[in-house]
Each structure stands twice: as structure tokens, then as C-alpha cells.
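1. only the shape, not the letters, is given here:
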């Protein structure tokens, strides 16, 4: 059954400039890669809890795929940068130390290879983006230039409500066929769009998963609350990267626009991703390249937790890295923690 909304359903469309933006994104991602394609989804996506079998929206019962690969192993993706924000590669297992609730853990497996990724692109086409859509085009210019040929992607657009415009696909044509044209307008359901993206990530083929959110961070129309979506992010194994299309303070006119960057940063930090603010169009190509490089150059660490109690508690992770060449002030991006299993 479909989730019933008190507001009339409206078909979500994307502006011509945003169409070009996403075409560029897809072109970079899809170069030379075969994959399993799904048909475009024309209808608006339903927002329902991911695991519960009921037919009603119950925000208190949010469940997505947990961080654990199984109950015996915790898997953590890690990105390391230097003080100038450049990706640090070439590190080894011995350079990392991971603590689970302040208890040191023994690393069972370690890898740093460029594995295929499943990427969800979430694009804001609400009224608050009306004068920023052109900048979102530039964000795609160098996006996924370093992509793996076996990558796959999906597309979600949102204004009043989120719409799943394309399920995971490996063909540019499928993405293009899923896009309709209209100017940016309407209210903003950013949190609902992120929740939908986390839910759809359960369909991904790859173990490496990421959501890329292109928005100013304004939310004024979501059914899910920030707290509920934060919990969903904690329970998911997808990283969130955000491109914050921001205006200088003197030019902000939409209520809530001043708090947008903080919201995007919080969601990204919980997931182990990153938020990149863009105040000018000139910054966007470099930001897109950085996100691509972070996704492509991720260390993956797995360990068997010493605490095997199945109490469903939230367990904090702390990860440190000591580079063998003596470099200091390296910055580590990883998930904030995970929920222990309950059964």
C-alpha cells in the first residue's frame, strides 16, 4: 500500500540546468561500465519504514541496513587527509588503531583498493535553490572522473516531497529518460530525501556505498525529524557526502538557510563522510573532485568486537592513524559508531 499524504501528489521535475548537471555526473560515473539495469521509476517514492511490515508511516521504527556485515564483524570505511585536505594514501594496517567504547580492538582485515561503489545522488530542486541551480551544474563537471567502471548509481530529486527518479543503473540513457524539466520551486523535504536514499541503499550491489547530497541544507517540509534521520544514518552502512550550495549571509532570504550547513555537516559526520561548502561556482569543480577522490581512496578496516553482548546499544568508535613518515595532524573520517545487534 502507498503511504497517504495529506497534500496532493505532485510529479517532481528538474530544471534544464540540473538535467545537464546530472547528465555530467552520470557520464563520468558510467564510462565503459557494464551493469545490471533497472527501469526508471516515474512515480513518487513512498516514505515508509525500511524494515517494518506495516503500511503506515511510523518514524519511531526507523531501521536500515546496520553497519555490521554480520554479528561477529564490524566493518569501517576510513578516509585520511593531511592538514591541507589532500588525500593520504599508502598507509598500512599497522598505522591504524581502532577503539570500540575506548577498548582497543585487533584489526582482522585491512584493504585500500579501489572497489566498485554504489552511489546515490540526491538533488535539491526546491524554491530555496532557485538562484543556485546553475552552480549545481558546475558541481558535476569533474564528478566521478576517477570512477570504477563497475560503479552504479541512482537518482533522487526533491522539493515538496522526494521522488526516486532512477533506481540503480549503469547507463546514462536510463538516467536521462527519468528526468523531466521544470524550474526549481516548492518547499524542501531534505530529511525525507536522505531517508529515502538510505532505504534505497539496501538495493545496492556494492559493499561500498555513498550518498551525494547537492543542496543548501534548508528543510521546511519533511515528515521525518532530524533526530529520526540521524538514527537512520547511524544504522546505515552508507557514507554521506554533501555539497552545500550556500549564499553569503547578506543574501540569504529563505527561512532556515542559515542552519543548512550545520545540518548537512552533522549527517555527513555521523556517516563518516564530509560536507563541502561552496560559496562560489569556481569552487565546485574542485569540490566534486575531492568527493570523488575520497570515495575512491578509502581504507576499509574490519574487526571482531571484543564485546559480543547483544544489547542493541550504541557503541562509539575512535580511530587514530600514525603515519610512518612522521607526518602529524592527519585527519581521519570514519563512522561515529554502530548499534550492537539485539539477537
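-> That came through fine. Remember, predicted model here, so these are calculated numbers, not experimental data.
2. tell me what residue 96 is bridged to.
-> Judged by DSSP bridges, the bridge partners of residue 96 are residue 321.
3. in this structure it contacts residue 109, no?
-> No: with contact defined as C-beta atoms under 8 Å, residue 96 does not count as touching residue 109 (11.8 Å). Using the backbone N, CA and C atoms, a C-beta is placed for each residue, glycine as well.
4. overlap in contacts, these two.
-> residue 301 (C-beta atoms under 8 Å, 6 or more residues apart in numbering).
5. those two: which has the busier surroundings?
-> The residue with more neighbours, out of residue 96 and residue 109, is residue 96; 20 against 12, by other C-beta atoms under 10 Å.
6. can you get me a residue count around residue 311?
-> 10.
7. show me where the stretch 201-343 of the chain has its helices.
-> With DSSP state H, counting those that start in this stretch applied, the stretch 201-343 of the chain shows helices at 226-235, 260-271, 284-296, listed in chain order.
8. check the secondary structure at residue 197 for me.
-> Classification of residue 197 using DSSP: H, G, I helix; E, B strand; the rest coil returns helix.
9. so what's it up against?
-> 120, 122, 156, 211, 213, 238.
10. domains in this protein, by residue range?
-> 69-112+307-339, 117-296 (automatic domain parsing).
11. worst mean pLDDT among those domains?
-> Sorting the domains of the chain by mean pLDDT places domain 117-296 lowest, at a mean of 83.
12. and the end-to-end length of that domain?
-> Terminal residues of domain 117-296 are spaced 8 Å apart (C-alpha to C-alpha, to the nearest Å).
13. looking at the domains of the chain, which is buried most?
-> domain 117-296 (a mean of 21; mean count of other C-beta atoms under 10 Å).
14. quick one, helices of the stretch 51-200 of the chain?
-> 133-138, 172-177, 190-200.
15. now the angle from the longest one to helix 260-271?
-> Compare the direction of helix 190-200 with that of helix 260-271 by axes from the mean of the first three to the mean of the last three C-alpha atoms, to 10 degrees and you get 20 degrees.
16. nearest spatial neighbour of residue 196, skipping sequence neighbours?
-> Spatial nearest neighbour of residue 196, excluding adjacent residues (C-beta to C-beta, 6 or more residues apart in numbering): residue 162 at 4.7 Å.
17. residue 188 is in contact with the one you found, correct?
-> No: the pair residue 162 / residue 188 is not scored as a contact, 10.3 Å apart, by C-beta under 8 Å.
18. ok, residue 334 - contacts?
-> Neighbours of residue 334 in contact, by C-beta under 8 Å, 6+ apart: 76, 77, 78, 79, 272, 317, 319.
19. and with 10 Å instead?
-> 76-80, 96, 98, 239, 271-273, 298-299, 301, 317-319, 321 (C-beta atoms under 10 Å, 6 or more residues apart in numbering).
20. what about it, distance to residue 278?
-> 24 Å (C-beta to C-beta, to the nearest Å).
21. likewise for residue 218?
-> 15 Å.
22. residue 212 reaches residue 123, doesn't it?
-> Yes: at 9.0 Å, residue 212 and residue 123 qualify as touching, with contact defined as C-beta atoms under 10 Å.
23. output the helices of the stretch 201-343 of the chain as TSV; include the columns distance to residue 167.
-> As requested, the helices of the stretch 201-343 of the chain are exported to TSV (distance: least, C-beta to C-beta, whole Å):
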stretch	distance to residue 167
helix 226-235	19
helix 260-271	21
helix 284-296	20
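24. closest to residue 147 out of those helices?
-> Residue 147 sits nearest to helix 284-296 of all those, at 7.0 Å, using C-beta to C-beta.
25. packing partners of that closest one?
-> Here helix 284-296 touches helix 16-30, strand 73-81, strand 117-124, helix 133-138, strand 208-215, strand 239-245, strand 274-278, going by 3 or more C-beta pairs under 10 Å, 6 or more residues apart in numbering; DSSP states H and E.
26. hmm, 8 Å instead?
-> Counting contacts by 3 or more C-beta pairs under 8 Å, 6 or more residues apart in numbering; DSSP states H and E, helix 284-296 packs against helix 133-138, strand 208-215, strand 239-245, strand 274-278.
27. so that helix versus strand 73-81, what angle?
-> 140 degrees.
28. relative to strand 239-245, how tilted is helix 284-296?
-> 180 degrees.
29. got the angle between helix 284-296 and strand 117-124?
-> Using the same axes, to 10 degrees: helix 284-296 against strand 117-124 is 150 degrees.
30. about what we covered before: which two from the contacts of residue 197 end up farthest apart in space?
-> Comparing the members of the contacts of residue 197, the greatest separation, given C-beta to C-beta, is between 156 and 238, at 12.7 Å.
31. give me the common contacts of these two.
-> 120, 197.
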